[in-house]
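Participant: just coords:
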């Protein structure tokens with residue numbers, strides 16, 4: 001007891017220190033007042049600074065607006081000036097174009113006159129010469145020269161000059177002076193060149209490395225005609241092969257000095273495809289300009305610059321991005337049009353497919369944009385996508401009620417609901433309530449209670465608008481009438497009469513002979529309920545109440561003659577007889593051996609109560625045989641915070657030993673401490689509940705009639721002490 005008292009005092013002191021923080025109430029109130037004053041001053045300073053910042057910001061905006069207005073005026077003036085210049089330029093272009101057309105037509109006219117046979121154009125008069133006519137004569141001479149030039153350059157001119165010669169590009173058909181070789185030049189003017197094999201022209205061997213004098217000692221090498229062979233040396237030919245010009249490579253002839261054309265190239269060429277994934281070695285002579293570029297069949301499949309589409313080119317050169325990054329960028333630029341909807345919501349992006357957000361819409365509107373009522377207007381030009389201005393004037397639309405309009409002009413199709421409070425009756429006419437004006441079909445929440453067409457029931461739905469038949473669902477558990485069942489009823493002559501039955505779909509509910517309500521669907525055309533077996537669940541018990549069984553009503557009634565039925569109890573099948581009693585029409589079950597044990601237990605408890613009353617014992621139900629099993633959490637808390645456990649055990653012991661106490665409130669605790677109280681209260685047979693928010697949250701324990709409060713045989717503190725030892 002002393003340990004428990006010291007634990008309680010220590011816990012209470014720690015709770016006070018935690019909640020109070022070591023200060024008295026006066027010190028706390030003074031500290032709180034100073035803090036509030038500091039906060040107020042700081043808020044006032046911040047508000048003043050914010051007002052100054054807003055004022056400066058507004059002034060800067062006003063300056064920007066004035067500057068923009070001036071720029072707009074300057075731009076309008078520049079625009080007018082440029083438009084005037086553009087109009088003047090258009091007029092000048094039209095004038096010049098007309099003059100040129102007239103000049104060309106006049107020139108063609110004179111050309112036709114000059115080509116007419118028998119017609120001779122006289123030269124200009126001598127009086128208009130350069131010396132006598134001055135500037136006027138110079139202008140006329142220049143015009144005549146221009147007309148002559150235009151006449152010569154005009155393709156439609158019928159006059160063909162005889163001294164104009166051109167080359168057709170075909171090989172020259174003439175033979176050289178030697179008479180043995182054709183001219184190697186294409187169509188040309190003048191005489192053909194001398195033969196390249198003429199003895200007077202050849203001074204070196206065919207490869208050009210050694211002169212004929214060094215080879216033969218004679219400059220002509222004994223050659224008298226161009227058809228004589230030219231002496232050769234023993235060096236390599238070394239001439240550039242034709243493949244060098246055709247394929248952009250440098251290959252030289254490796255054969256010994258020879259006359260005539262060089263043999264085919266025997267060099268091997270190493271080729272790589274454009275993407276660099278495959279390579280091959282081929283003979284140079286097999287390559288042509290069409291096959292000199294080697295490509296593989298691999299599809300690139302890399303993402304393009306937009307990040308959405310993939311490159312579908314075969315053997316793409318951009319795969320070598322490490323060596324040719326610029327080429328890769330050019331090759332993988334997406335050429336599709338973006339076509340995304342711009343932020344204006346009206347136009348689509350017409351740029352090439354790209355990453356990131358689209359550029360703002362550059363379209364503009366030159367029409368005025370007004371609010372719905374037309375009293376607030378934005379002047380053009382306006383960027384595309386500009387929303388109508390916010391109008392702060394009252395709404396001028398027609399409204400369903402006559403109350404004062406309290407909302408501003410808006411662009412929504414429907415006006416906001418009227419918030420004025422008015423008195424309106426509910427839909428069922430039960431009561432009158434004060435509700436906003438816009439509400440319709442108010443429901444008070446009561447049962448409708450309107451009589452249904454059947455004349456026997458009322459509407460069970462809550463207060464509603466519209467027909468009652470649509471307000472509630474038909475009872476799916478009601479028994480459906482059959483023809484055999486209806487034949488037993490009274491007041492119905494023919495089964496076909498039920499076609500016009502105004503049944504509401506609910507259960508009939510009339511009391512049957514057994515006292516239970518009729519479970520058949522509503523039948524207003526039948527005078528009496530059909531004789532259908534009552535299936536209402538009925539509980540049958542024995543005389544002592546130990547044995548119970550739930551059966552349908554008609555089965556219980558059929559068992560009154562002493563029939564047997566099977567009773568299930570604790571997993572065993574026992575045969576129980578139905579016993580007729582005089583006090584009730586419902587039969588009872590016959591008691592068995594288990595009922596005797598229950599009866600003896602009740603008698604023992606009654607004797608204990610009488611003995612306790614005689615000995616003045618407060619709680620005779622306390623048993624010393626209760627040995628609870630504590631959780632690991634409680635055992636750990638008992639080891640780490642033994643003072644808390646002793647305090648909680650002492651308070652719970654005192655509460656259980658006083659039957660007259662209903663509740664006990666523990667002081668404010670932390671979360672783990674409250675969990676200890678909750679779990680120990682469960683061990684003592686008490687209920688617990690937490691109240692108040694943090695950090696003042698506490699636990700209250702109270703008794704319950706469904707449970708017996710008992711002190712455990714072994715306390716948590718004792719179990720923890722044994723485990724420590």
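Facilitator: The structure has been received and is ready for your questions. As the structure is a computational prediction, the values presented were derived from the model and not from experiment.
Participant: Only C-alpha atoms from now on, for both contacts and neighbour counts.
Facilitator: Noted.
Participant: and the top helix by length along the chain, what's its mean pLDDT?
Facilitator: Secondary structure of the chain per DSSP state H: the longest helix is helix 25-115. The predicted model gives helix 25-115 an average pLDDT of 80.
Participant: list the helices and strands that helix packs on?
Facilitator: Counting contacts by 3 or more Cα pairs under 8 Å, 6 or more residues apart in numbering; DSSP states H and E, helix 25-115 packs against helix 135-153.
Participant: Now the helix it packs on: average pLDDT?
Facilitator: Over the span of helix 135-153, the pLDDT mean works out to 49.
Participant: Over to stretch 317-337?
Facilitator: Stretch 317-337 shows a mean pLDDT of 65.
Participant: try stretch 343-352
Facilitator: For stretch 343-352, mean pLDDT rounds to 89.
Participant: distance between it and the chain's centre?
Facilitator: Distance, stretch centre to chain centre, for stretch 343-352: 20 Å (Cα atoms, centre = their mean, to the nearest Å).
Participant: what's it in contact with?
Facilitator: Contacting residues not belonging to stretch 343-352 are listed as 334-342, 358-361, 384-386 [Cα atoms under 8 Å, 6 or more residues apart in numbering].
Participant: buried sites along that stretch?
Facilitator: By neighbour count on 16 or more other Cα atoms under 10 Å, the buried set for stretch 343-352 is 343-344, 347-349.
Participant: got the residue ranges for the helices in the stretch 101-250 of the chain?
Facilitator: 130-133, 135-153, 212-216, 242-247 (DSSP state H, counting those that start in this stretch).
Participant: swap that for the stretch 251-400 of the chain, sorry
Facilitator: Using DSSP H, counting those that start in this stretch, helices in the stretch 251-400 of the chain cover 325-331.
Participant: In contact with residue 682, which residues?
Facilitator: Applying Cα under 8 Å, 6+ apart, one finds that residue 682 lies in contact with residue 688.
Participant: so what pLDDT did it get?
Facilitator: 87.
Participant: Got phi/psi on it?
Facilitator: Backbone torsions for residue 682, taken as degrees, to the nearest 10, come to phi -60, psi -40.
Participant: ditto for residue 637
Facilitator: Residue 637 has phi and psi values of phi -70, psi -30 when expressed as degrees, to the nearest 10.
Participant: That one and residue 716: what is the separation?
Facilitator: Look at residue 637 and residue 716: by Cα to Cα, to the nearest Å, they are 10 Å apart.
Participant: overlap in contacts of these two?
Facilitator: Contacts common to residue 637 and residue 716, judged by Cα under 8 Å, 6+ apart, are residue 645.
Participant: More neighbours: these two, which one.
Facilitator: Neighbours were tallied for residue 637 and for residue 716 using other Cα atoms under 10 Å; the higher tally belongs to residue 716 (23 against 19).
Participant: Do I have it right that that one meets residue 635?
Facilitator: Yes - counting by Cα atoms under 8 Å, residue 635 is a contact partner of residue 716 at 7.3 Å.
Participant: shared neighbours, the two?
Facilitator: Among the neighbours of residue 716, none is also in contact with residue 635 (Cα under 8 Å, 6+ apart).
Participant: so what's residue 197 up against?
Facilitator: Residue 197 makes contact with 226-227 under the criterion Cα under 8 Å, 6+ apart.
Participant: Oh, that last question was meant for residue 411, not what I typed.
Facilitator: Contact analysis of residue 411 by Cα under 8 Å, 6+ apart lists 371-372, 388.
Participant: Count the residues that sit near residue 428.
Facilitator: Neighbour count for residue 428, taken as other Cα under 10 Å: 21.
Participant: now the residue nearest to it when sequence neighbours are not counted: how far from residue 304?
Facilitator: Among residues not flanking residue 428 along the chain, residue 463 sits closest, at 5.4 Å (Cα to Cα, 6 or more residues apart in numbering). Going from residue 463 to residue 304 by Cα to Cα gives 66 Å.
Participant: just residue 396 next, same as before
Facilitator: Relative to residue 304, and taking Cα to Cα, residue 396 is found at 55 Å.
Participant: Neighbour count: those two, which is higher?
Facilitator: Using other Cα under 10 Å, the more surrounded residue of residue 396 and residue 304 is residue 304, with 21 against 13.
Participant: ok, the more buried one - contacts?
Facilitator: Counting by Cα under 8 Å, 6+ apart, residue 304 touches 310-311, 332-334.
Participant: Most widely separated two among those residues?
Facilitator: Within the contacts of residue 304, 310 and 333 form the most distant pair, 10.2 Å apart (Cα to Cα).
Participant: Show me which of these two is the more surrounded one.
Facilitator: Using other Cα under 10 Å, the more surrounded residue of residue 310 and residue 333 is residue 333, with 18 against 15.
Participant: Settle this for me: the more buried one is touching residue 307, isn't it.
Facilitator: No - Residue 333 lies out of contact with residue 307 (Cα under 8 Å); the separation is 9.9 Å.
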